[in-house]
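J.: 3D, please:
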Amino acid sequence: AEAPALRAATLVACGTDLVAEQVLRLGVPDGRVIVTPTGVDLAHFEAADRTAARRSLGIEDDFVVGWAGSFRAFHRIEQLVDAAALAGPVTLLLVGDGPERAAIERRASAAGVRARFTGMVPHHELPSMLAAMDVGVVLASPDVPFHYSPLKAAEYLAAGLPVVAPAVAQLAERLDDGGNADLYRVGDVAALAATLRALGDHPERRRSMAEAARRSAPAWSWDHQVRRVRAALAGSLS
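T.: Here you go, the predicted model:
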C-alpha cells in the first residue's frame, strides 16, 4: 500500500539507513531518498537547572546514570540494572513508564541498586530530568536488528550529557566514540558496567564528554534536518 505513494513522491525522508534500504527496494530511485535521523529542538534544553533538579529528586551528591523512554521489553532496561549492580556506587534515574516498569523496579530492588523511577513526565519537564543526570544511556538487544534512530540519544546530546551507547549502526556512525560518547558491545553487561564505572571515577572525563556533546548537538537538531530536506528538494526541483 505504501509503494505507490513512495514512488510518486518528489523526496522520501527516511529515519534510518535500514528504512531507506526498504524504500529503495520498493522502487524509489536513489536520488529521491534522503536519510533524516530523529532530531530535537535544541532551544528546549537550554534553561534546565541541574542543582534544583537533583535536589528535587533527592540525588544531590550521587553519580547519576540516566535513561529516558518507554518501559518495553525491546528496550532491554534490565541490562542497565544489571550493569549498575556491577559498576559500584551508581544511582539510576529512569524516566518514563510502560509494561516492564514493575519488573524493572523489582529487579533493581533485588539487586540492591539505588534507582529513582519518575514515571511519565510532561515533555516540558524532560530537560530538568536530563539535567539531573551525569550520563545518559542507550540500550539495545543483541537479538534484534537495530533499526531505528533513538530520540533519547539526540536529547542527551542536546542536554550536554555524555552518552553511553551500544556500538551498533546507526549510533556508531553518528556518535564520536571517545568524544561525545563511549560505545560498548551490544548486550555486553560487563562492558557496560566497566564503562559506567570508569565514568563515575573520572568526573573530568565526563566534563570533556559533556563539552563534546554540546558541540555536536546542532547536527542532531530538527533545524539541521530541515535544512538538508530543503536543500534536497531544491536540487530535485531545479
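
J.: need the contact partners of the longest helix anywhere in the chain.
T.: Among all segments of the chain classified by DSSP state H, the helix with the greatest residue count is helix 222-237. The contact list for helix 222-237 (C-beta atoms under 8 Å, 6 or more residues apart in numbering) reads 10-11, 13, 31-32, 34, 36-37, 39-42, 218. In this view, the C-beta of every residue, glycine as well, is placed from N, C-alpha and C.

J.: hmm, which of these are the buried ones?
T.: Listed as buried from the contacts of helix 222-237 are L11, A13, R32, I34, T36, P37, G39, V40, L42; burial here means 16 or more other C-beta atoms under 10 Å.

J.: can you count the residues close to E105?
T.: E105 sits with 15 neighbouring residues when counted by other C-beta atoms under 10 Å.

J.: L93 too?
T.: Applying the criterion other C-beta under 10 Å, we find 26 residues in the vicinity of L93.

J.: surely it is in contact with A131?
T.: No - proximity of L93 to A131 does not meet the contact threshold set by C-beta atoms under 8 Å, at 10.6 Å.

J.: coming back round to it: just the closest of the buried ones among the contacts of helix 222-237 to K152, please.
T.: The shortest approach to K152 among the buried ones among the contacts of helix 222-237 belongs to V40, at 9.9 Å (C-beta to C-beta).

J.: go ahead and confirm the closest one touches A154.
T.: Yes - with contact defined as C-beta under 8 Å, V40 and A154 form a contacting pair (4.5 Å).

J.: roughly how far does the most centrally placed residue in the chain sit from G58?
T.: For the chain, A153 is the residue whose C-alpha lies nearest the centre (C-alpha atoms, centre = their mean; 2.3 Å). If you measure A153 against G58 using C-beta to C-beta, to the nearest Å, the figure is 27 Å.

J.: what of L80?
T.: Note on L80: its distance to G58, by C-beta to C-beta, is 20 Å.

J.: the more surrounded of these two?
T.: Neighbour tally, L80 and G58, criterion other C-beta under 10 Å: the higher count belongs to L80, 30 against 9.

J.: mind listing what's buried in stretch 206-223?
T.: Within stretch 206-223, the residues scored as buried using 16+ other C-beta under 10 Å are R206, M209, A210, A212, A213, R214, S216, A217, W220, S221.
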